[in-house]
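Visitor: give me a 3D structure for the following:
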Amino acid sequence: MNRLYLQIYGAVLAVLLLFACLMVGAFWLFEEDSGRADWLQQMQVFAEATIPPVNASPERLRRFARAIAEPFDVDLTIYDAKGAILVRLGQIVPAPPAAGGSQWIRQRRAHGGIALALSDGRWIVMKGEGYGRRVSHLFAAIAMLTLATGIAVFPLVRRLTRRLEVLKDHVEALGDGRLDERVPVEGSDEIAKLAGAFNRTADRIERLVADKTRLLANTSHELRTPLARVRMAIALLRDDPRPDLLARIDRDIEELNDLIGELLIASRLDAPEQHHERERVDLLALAAEEAARLEGVEVRGVSRCVDGDPKLLRRLVRNLLENALRHGEIPVEVEVEAGPQSDWVRLVVADRGPGIPESERERIFEPFYRPVGQASSEGGTGLGLSLVRQIAKRHAGFIRCESRSGGGTRFVLELPAGEN
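Guide: Just a heads-up that it's a prediction; the model follows:
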């Protein structure tokens, strides 16, 4: 029984069988209670008071027997003190052993009748199916309950496990590489929630694989361009060793180095188990240090600290500044201020460049995406803003691109301040 629905169905039937056994056991265990013994004693007293005397006529004794047997629908036999039959109605009921007094008569492991021992030595023995029928009715009721429950439970169990089988098939399909597999969500129970969680996971996996595929394709393209320029410059150097060609080779090698460095950082950020240092970082001081390396950057604001990886935060600020200088106009303004909530910090990098159309303000954070009209010759690896967003997310923050009043672009970074 390796199918889940058979295991569940078998477990339900086993519980019902155990219930039936416990019911029967309890019925047999408690059938000799004191109340039934009292009732037997009362029947004996009643018989002593109503039975005709020993010397009564057989007809009178028969009328007495009929008055008892017919209302109860039982077989009845009256024996004298020597064991001879005095009266018989219906089938002969065997006399019990003389010792022991009044008692119940067992029939098929149930009480099927009674034997009343009178003080004059006579016995009144009755046997009926009434009590036995109650036992059989109990067994029949248990059997019908088991059958009805088994019939009702099977479709429910089968429907439940069929949905699990469908989910299993889709999981296997996803494992085989069919990333577009999705499970139909039926209802609102735990299986439906599991199906929804699978679909969300599959969406994320498909998106990640697509991003990685696109990143690989774009990376190969971005690497070919400087490599081709280096190869051409080296070929020209063989015939004409010009200083400008050497400078061009140095620039191309530096571009390759920057691109490889950005790719390494991106790959580390994609690994959730990667450990990064966490310490208090003053964003105003960090921005001022990065601005000192460049020309045309003005920094102002208030000292605000966040919890984070200082190396990653430095890379974030550096990429924002270099992007603003590359595509904007001097001066580039940097401002650190309190965020919209008391426990947040905001860093704004603004330039006076041509601006970015609203339709492209989200896409510029994609790897290797360049706005319309911008050529790769304008510099940059194409990963700078993508890394900025990844680092912001790693620090539970976010960044957005806005238009600047009077022309230009504003990049607004918001990070939680963390513990003070």
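Visitor: can you count the residues close to Val345?
Guide: Val345 has 25 neighbours, counted by other Cβ atoms under 10 Å. For glycine as for every other residue, the C-beta is placed from the backbone atoms N, C-alpha and C.
Visitor: can you check the one 4 residues further on too?
Guide: The local packing count at Val349 equals 25, with neighbours defined by other Cβ under 10 Å.
Visitor: check for me that it belongs to a strand.
Guide: Yes. Counting by DSSP: H, G, I helix; E, B strand; the rest coil, Val349 is located in a strand.
Visitor: quick check: it vs Ala49, distance?
Guide: Between Val349 and Ala49 the distance is 113 Å, computed by Cβ to Cβ, to the nearest Å.
Visitor: ok, Ala396 next?
Guide: Ala396 is 94 Å from Ala49, where distance means Cβ to Cβ.
Visitor: so those two - more neighbours on which side?
Guide: For Ala396 versus Ala49, neighbours defined as other Cβ under 10 Å are more numerous around Ala396 (12 against 7).
Visitor: surely that one forms part of a helix?
Guide: No. Counting by three-state DSSP, Ala396 falls outside a helix, being coil.
Visitor: that one and Glu414 touch, don't they?
Guide: No. Using Cβ atoms under 8 Å, Ala396 is not in contact with Glu414; the gap is 10.1 Å.
Visitor: pretty sure Glu48 contacts Ile124?
Guide: No. Between Glu48 and Ile124 there is no contact under Cβ under 8 Å: 9.9 Å.
Visitor: those two: who's more crowded?
Guide: Using other Cβ under 10 Å as the criterion, Glu48 and Ile124 rank with Ile124 on top: 26 against 13.
Visitor: secondary structure element holding that one?
Guide: Using DSSP states H and E, Ile124 maps to strand 123-127.
Visitor: so for that strand, mean pLDDT?
Guide: Here strand 123-127 scores 88 as its mean pLDDT.
Visitor: try stretch 249-262
Guide: 73.
Visitor: tell me the predicted confidence for the residue of the chain most remote from its centre.
Guide: Going by Cα atoms, centre = their mean, the residue of the chain most distant from its centre is Asn55, 85.8 Å out. Asn55 carries a pLDDT value of 88.
Visitor: shared neighbours, Glu48 and Ile124?
Guide: The overlap between the contact sets of Glu48 and Ile124 (Cβ atoms under 8 Å, 6 or more residues apart in numbering) consists of Leu118.
Visitor: Asp212: neighbour count?
Guide: One thing to correct before we go on: residue 212 is Lys, not Asp. 13.
Visitor: pretty sure it is in a helix, no?
Guide: Yes. With three-state DSSP as the criterion, Lys212 is part of a helix.
Visitor: how about the residue nearest to the spatial centre of the chain: what's its closest non-neighbour residue?
Guide: By Cα atoms, centre = their mean, the chain has its centre lying nearest to Leu194, at 5.0 Å. Counting by Cβ to Cβ, 6 or more residues apart in numbering, Leu167 is the residue found nearest to Leu194 once chain neighbours are left out, at 6.6 Å.
Visitor: ranges for the helices of the stretch 301-420 of the chain?
Guide: For the stretch 301-420 of the chain, the helices defined by DSSP state H, counting those that start in this stretch cover 310-327, 384-394.
Visitor: how far does the longest one sit from the chain's center?
Guide: In terms of Cα atoms, centre = their mean, to the nearest Å, the gap separating the centre of helix 310-327 from the centre of its chain is 41 Å.
Visitor: show me what that helix is packed against.
Guide: helix 243-270, strand 279-282, helix 283-292, strand 332-338, strand 344-351, helix 384-394, strand 409-416 (3 or more Cβ pairs under 8 Å, 6 or more residues apart in numbering; DSSP states H and E).
Visitor: I'd say Ile92 and Tyr79 touch.
Guide: No. Contact criterion Cβ under 8 Å: Ile92 and Tyr79 do not qualify, at 10.1 Å.
Visitor: overlap in contacts of the two?
Guide: Joint contacts of Ile92 and Tyr79 (Cβ under 8 Å, 6+ apart) are Ile85.
Visitor: neighbour-wise, which of those two wins?
Guide: Neighbour count, other Cβ under 10 Å: between Ile92 and Tyr79, Tyr79 has more, with 23 against 13.
Visitor: any stretches of the stretch 51-200 of the chain with poor pLDDT?
Guide: Residue ranges of the stretch 51-200 of the chain with pLDDT under 70: 97-100, 106-112, 129-139, 142.
Visitor: redo the helices and strands packed on helix 310-327 as CSV? Include distance to Glu366.
Guide: Formatted as CSV, the helices and strands packed on helix 310-327 follow (distance: least, Cβ to Cβ, whole Å):
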stretch, distance to Glu366
helix 243-270, 12
strand 279-282, 27
helix 283-292, 24
strand 332-338, 23
strand 344-351, 19
helix 384-394, 6
strand 409-416, 15
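Visitor: and among these, the most buried is which?
Guide: Of all the helices and strands packed on helix 310-327, strand 344-351 carries the top mean neighbour count, a mean of 22, counting by mean count of other Cβ atoms under 10 Å.
Visitor: pLDDT of that one, averaged?
Guide: Taken as a whole, strand 344-351 has an average pLDDT of 93.
Visitor: for stretch 315-323, same thing?
Guide: Averaging the model's pLDDT scores along stretch 315-323 yields 89.
Visitor: identify the residues contacting it?
Guide: Under the criterion Cβ under 8 Å, 6+ apart, residues 265, 283, 286-287, 290-291, 294, 297, 332, 334, 347, 349, 380, 384-385, 387-388, 391-392, 411, 413 lie in contact with stretch 315-323.
Visitor: rerun that using 7 Å as the cut-off
Guide: Stretch 315-323 is contacted from outside by 265, 286-287, 290-291, 294, 297, 332, 349, 384-385, 387-388, 391-392, 411, using Cβ atoms under 7 Å, 6 or more residues apart in numbering.
Visitor: need the CA coordinates for it. CSV is fine.
Guide: Listed next in CSV are the C-alpha coordinates belonging to stretch 315-323 (Å, rounded to 0.1, in the frame of the first residue of the first chain):
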residue,chain,number,x,y,z
ARG,A,315,30.0,50.6,-3.2
LEU,A,316,26.4,51.8,-3.3
VAL,A,317,27.3,55.4,-2.7
ARG,A,318,30.2,55.3,-5.1
ASN,A,319,28.0,53.8,-7.9
LEU,A,320,25.4,56.5,-7.4
LEU,A,321,28.0,59.3,-7.6
GLU,A,322,29.8,57.9,-10.6
ASN,A,323,26.5,57.4,-12.4
